[in-house]
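Undergrad: give the three-dimensional model of this entry:
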Amino acid sequence: MRPRPKALRQKRRYLLVRVLPPWREVGQKTLYLAVAEAATSLFGDARAAEIGAAVVFSEEGCAIIRCRRGCEGDLAVACSTVTAAGGVRTALRTVAASGTIAALKRRMDGWIHAVPPEQALYGEKELRAFRYGRHKVDVLQEGIKKQSIVFLTDCEREEI
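TA: So this is what the prediction gives:
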(Lines give C-alpha, C1' and ligand atoms only; values in the text may rest on other atoms or scores of the structure.)
Protein backbone atom coordinates (compact mmCIF):
# COMPACT_ATOMS: atom_id res chain seq x y z
CA MET A 1 0.00 0.00 0.00
CA ARG A 2 1.49 3.31 -1.08
CA PRO A 3 1.33 6.46 1.07
CA ARG A 4 -1.01 9.19 -0.04
CA PRO A 5 0.42 12.18 -1.86
CA LYS A 6 0.73 15.40 0.16
CA ALA A 7 -2.24 17.00 -1.58
CA LEU A 8 -4.58 14.22 -0.37
CA ARG A 9 -3.38 14.00 3.24
CA GLN A 10 -5.30 15.60 6.08
CA LYS A 11 -3.83 18.87 7.27
CA ARG A 12 -3.02 18.90 10.99
CA ARG A 13 -2.24 21.56 13.56
CA TYR A 14 -0.43 21.19 16.86
CA LEU A 15 -1.11 23.02 20.13
CA LEU A 16 1.54 23.67 22.74
CA VAL A 17 -0.12 23.31 26.12
CA ARG A 18 1.31 24.15 29.53
CA VAL A 19 0.35 21.70 32.30
CA LEU A 20 -0.22 23.45 35.61
CA PRO A 21 1.08 22.99 38.26
CA PRO A 22 4.35 22.10 36.51
CA TRP A 23 5.75 19.92 39.30
CA ARG A 24 3.00 17.30 38.95
CA GLU A 25 3.69 14.43 36.59
CA VAL A 26 0.81 13.56 34.27
CA GLY A 27 1.22 10.68 31.83
CA GLN A 28 0.57 11.02 28.11
CA LYS A 29 -2.35 8.57 28.09
CA THR A 30 -3.92 10.20 31.15
CA LEU A 31 -3.64 13.60 29.50
CA TYR A 32 -5.22 12.25 26.30
CA LEU A 33 -8.17 10.81 28.23
CA ALA A 34 -8.72 14.12 30.05
CA VAL A 35 -8.66 16.15 26.80
CA ALA A 36 -10.93 13.66 25.00
CA GLU A 37 -13.41 13.72 27.88
CA ALA A 38 -13.41 17.53 27.93
CA ALA A 39 -13.96 17.75 24.15
CA THR A 40 -16.76 15.17 24.26
CA SER A 41 -18.57 16.80 27.15
CA LEU A 42 -18.24 20.27 25.60
CA PHE A 43 -18.97 19.59 21.92
CA GLY A 44 -20.48 16.12 21.76
CA ASP A 45 -19.26 12.89 20.21
CA ALA A 46 -19.51 13.97 16.55
CA ARG A 47 -17.54 17.20 16.93
CA ALA A 48 -14.96 15.56 19.24
CA ALA A 49 -14.35 12.89 16.59
CA GLU A 50 -14.02 15.62 13.95
CA ILE A 51 -11.43 17.44 16.09
CA GLY A 52 -9.42 14.21 16.42
CA ALA A 53 -7.32 15.25 19.40
CA ALA A 54 -4.22 13.20 20.20
CA VAL A 55 -1.36 13.89 22.62
CA VAL A 56 1.81 13.61 20.55
CA PHE A 57 4.41 14.69 23.11
CA SER A 58 4.28 15.04 26.87
CA GLU A 59 7.02 16.12 29.22
CA GLU A 60 7.04 17.58 32.71
CA GLY A 61 5.20 20.88 32.53
CA CYS A 62 4.14 20.83 28.87
CA ALA A 63 2.45 18.81 26.14
CA ILE A 64 1.86 18.96 22.39
CA ILE A 65 -1.63 18.01 21.21
CA ARG A 66 -2.52 17.26 17.58
CA CYS A 67 -5.84 18.10 15.88
CA ARG A 68 -7.26 18.70 12.41
CA ARG A 69 -6.69 22.05 10.74
CA GLY A 70 -9.50 24.47 11.51
CA CYS A 71 -10.31 22.80 14.84
CA GLU A 72 -7.48 24.25 16.91
CA GLY A 73 -9.74 26.91 18.44
CA ASP A 74 -12.21 24.30 19.64
CA LEU A 75 -9.40 22.15 21.01
CA ALA A 76 -7.96 25.14 22.90
CA VAL A 77 -11.37 25.76 24.48
CA ALA A 78 -11.68 22.08 25.43
CA CYS A 79 -8.18 22.13 26.98
CA SER A 80 -9.07 25.14 29.10
CA THR A 81 -12.00 23.21 30.64
CA VAL A 82 -9.82 20.36 31.91
CA THR A 83 -9.70 20.44 35.71
CA ALA A 84 -8.29 16.99 36.51
CA ALA A 85 -6.29 14.28 34.78
CA GLY A 86 -6.32 10.83 36.31
CA GLY A 87 -7.69 12.03 39.63
CA VAL A 88 -5.00 14.69 39.99
CA ARG A 89 -6.08 18.34 39.87
CA THR A 90 -4.54 19.76 36.72
CA ALA A 91 -5.11 22.76 34.48
CA LEU A 92 -4.12 23.08 30.82
CA ARG A 93 -3.24 26.45 29.31
CA THR A 94 -2.74 26.82 25.57
CA VAL A 95 0.46 28.70 24.73
CA ALA A 96 0.76 28.47 20.94
CA ALA A 97 -0.48 26.72 17.81
CA SER A 98 1.65 25.67 14.85
CA GLY A 99 1.72 23.48 11.79
CA THR A 100 4.82 21.55 12.88
CA ILE A 101 5.98 19.87 16.07
CA ALA A 102 9.53 21.15 15.57
CA ALA A 103 8.41 24.80 15.76
CA LEU A 104 6.65 24.16 19.07
CA LYS A 105 9.65 22.29 20.50
CA ARG A 106 11.90 25.25 19.60
CA ARG A 107 9.50 27.55 21.42
CA MET A 108 9.48 25.23 24.42
CA ASP A 109 13.30 25.20 24.88
CA GLY A 110 13.51 28.17 27.28
CA TRP A 111 10.93 26.85 29.73
CA ILE A 112 11.70 25.72 33.22
CA HIS A 113 10.02 22.35 33.58
CA ALA A 114 9.57 20.73 36.96
CA VAL A 115 10.74 23.00 39.74
CA PRO A 116 11.23 21.40 43.16
CA PRO A 117 9.53 23.16 46.07
CA GLU A 118 11.52 25.30 48.43
CA GLN A 119 10.79 26.18 52.04
CA ALA A 120 9.61 29.75 52.70
CA LEU A 121 8.62 31.58 55.85
CA TYR A 122 5.13 33.06 55.41
CA GLY A 123 3.92 34.76 58.56
CA GLU A 124 4.93 32.49 61.43
CA LYS A 125 4.63 29.29 59.40
CA GLU A 126 7.19 27.58 57.23
CA LEU A 127 5.45 26.52 54.00
CA ARG A 128 6.37 25.01 50.63
CA ALA A 129 6.83 27.63 47.92
CA PHE A 130 7.06 27.12 44.17
CA ARG A 131 8.73 29.61 41.86
CA TYR A 132 7.99 29.41 38.15
CA GLY A 133 7.57 31.96 35.45
CA ARG A 134 9.03 35.42 35.83
CA HIS A 135 7.43 36.98 38.90
CA LYS A 136 5.08 34.31 40.15
CA VAL A 137 5.47 32.55 43.48
CA ASP A 138 2.89 30.09 44.78
CA VAL A 139 2.76 29.11 48.43
CA LEU A 140 0.83 26.01 49.51
CA GLN A 141 -1.03 26.39 52.79
CA GLU A 142 -2.03 23.05 54.20
CA GLY A 143 -5.35 23.11 56.00
CA ILE A 144 -7.33 20.40 57.73
CA LYS A 145 -9.10 19.04 54.64
CA LYS A 146 -7.21 20.41 51.64
CA GLN A 147 -4.37 22.54 50.40
CA SER A 148 -4.92 26.08 49.21
CA ILE A 149 -2.61 28.06 46.97
CA VAL A 150 -1.72 31.61 48.00
CA PHE A 151 -0.62 33.92 45.18
CA LEU A 152 1.82 36.59 46.29
CA THR A 153 2.32 40.11 44.96
CA ASP A 154 5.73 41.68 44.30
CA CYS A 155 5.82 43.47 47.70
CA GLU A 156 5.00 40.26 49.61
CA ARG A 157 7.50 38.35 47.54
CA GLU A 158 10.32 40.69 48.59
CA GLU A 159 9.56 39.93 52.24
CA ILE A 160 10.03 36.19 51.67
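Undergrad: strands along the protein, start to end?
TA: Under the criterion DSSP state E, the chain contains strands at 12-20, 54-59, 62-68, 84-85, 88-89, 91-98, 118-122, 125-132, 136-142, 147-151.
Undergrad: and the closest residue to residue 76 other than its chain neighbours, how many neighbours?
TA: Leaving aside its sequence neighbours, residue 76 sits nearest to residue 94 (C-beta to C-beta, 6 or more residues apart in numbering; 4.3 Å). All C-beta spots, glycine's among them, are computed from the backbone N, C-alpha and C. By other C-beta atoms under 10 Å, the residues close to residue 94 number 18.
Undergrad: count of neighbours near residue 88?
TA: Per other C-beta under 10 Å, the neighbour tally for residue 88 reads 12.
Undergrad: that one touches residue 23, doesn't it?
TA: No. Look at residue 88 against residue 23 with C-beta atoms under 8 Å: they stay out of range, at 11.3 Å.
Undergrad: ok so, going back, so the residue nearest to residue 76 touches residue 80, yeah?
TA: Yes. Residue 94 lies in contact with residue 80 (C-beta under 8 Å); the separation is 6.9 Å.
Undergrad: for the residue nearest to residue 76, give its distance to residue 119.
TA: 33 Å (C-beta to C-beta, to the nearest Å).
Undergrad: walk me through the domains of this protein.
TA: Domain segmentation of the chain under automatic domain parsing yields 10-108, 118-159.
Undergrad: what is the neighbour count of the closest residue in space to residue 61 that isn't next to it in sequence?
TA: For residue 61, ignoring the flanking residues on the chain, the nearest one in space by C-beta to C-beta, 6+ apart is residue 22 at 3.7 Å. Other residues near residue 22 come to 18 when the count uses other C-beta under 10 Å.
Undergrad: pLDDT below threshold where in the protein?
TA: Confidence mapping of the chain against pLDDT under 70 gives the ranges 110-118, 120-123, 128-160.
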